[in-house]
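Visitor: here's my sequence, what's the structure:
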Amino acid sequence: MASMIPYSNYERALRRQFPFDMLDDLLASPLSAVNSNEAFKMDVEDAGDAYVVSAYLAGVGRDEIDVELNEGRLSISVDKTETEEEHGKNYLHKETRAWSASRGVYLKDAATEGLSAKLDNGILTINIPKQDAKANVTKVSID
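Guide: Take a look at the predicted model:
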């Protein structure tokens, strides 16, 4: 049992050769942040008078999530940590681990009042009301 190899890595384990396996690991590590295992999926819906943002965060608790709206930029940050109970176990194969990720979206007419967020069954849903668009352009008359 100690030499268990996940099915997805089985073929790679069979063809490993000394100089090349280290090179494969080196080349794969920079791309791991791009991999979907490192980040979370997020949907942004325009619901007319509000935005509805859904972030898929299975296995993440409320205390591991930070949500901020700063000048129209909504940021969702996750810092998932392993518990002490998980450190003491003798895993033969473990794909869940401590990780952190951050995603953001710019919502130019997002209101800072009336925001609400709910975490239910691993889905974080944030409702952001819209405000009337402010005119950022000021005409200057020439004398």
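Visitor: how near is residue 48 to residue 129?
Guide: 11 Å (Cβ to Cβ, to the nearest Å). For every residue, glycine as well, the C-beta is placed using N, CA and C.
Visitor: quick one: contacts for residue 40?
Guide: 55, 56, 57, 76, 78, 101, 103 (Cβ atoms under 8 Å, 6 or more residues apart in numbering).
Visitor: where does the prediction get shaky in this structure?
Guide: Confidence mapping of the chain against pLDDT under 70 gives the ranges 1-38, 83-87, 133-138.
Visitor: which stretches of it form helices?
Guide: 7-14, 18-31, 84-87 (DSSP state H).
Visitor: thinking again about what came up before, tell me which of residue 48 and residue 129 has more neighbours.
Guide: residue 129 (16 against 7; other Cβ atoms under 10 Å).
Visitor: hang on, isn't that one packed against residue 116?
Guide: No. The pair residue 129 and residue 116 does not pass the contact test of Cβ atoms under 8 Å, sitting 9.1 Å apart.
Visitor: can you tell me the closest non-neighbouring residue to residue 56?
Guide: Leaving aside its sequence neighbours, residue 56 sits nearest to residue 41 (Cβ to Cβ, 6 or more residues apart in numbering; 4.4 Å).
Visitor: how many neighbours does the one you found have?
Guide: Neighbours of residue 41 (other Cβ under 10 Å): 12.
Visitor: try the one 4 residues further on
Guide: The burial count assigned to residue 45 is 11, neighbours taken as other Cβ under 10 Å.
Visitor: is it true that it touches residue 125?
Guide: No. Contact criterion Cβ under 8 Å: residue 45 and residue 125 do not qualify, at 10.0 Å.
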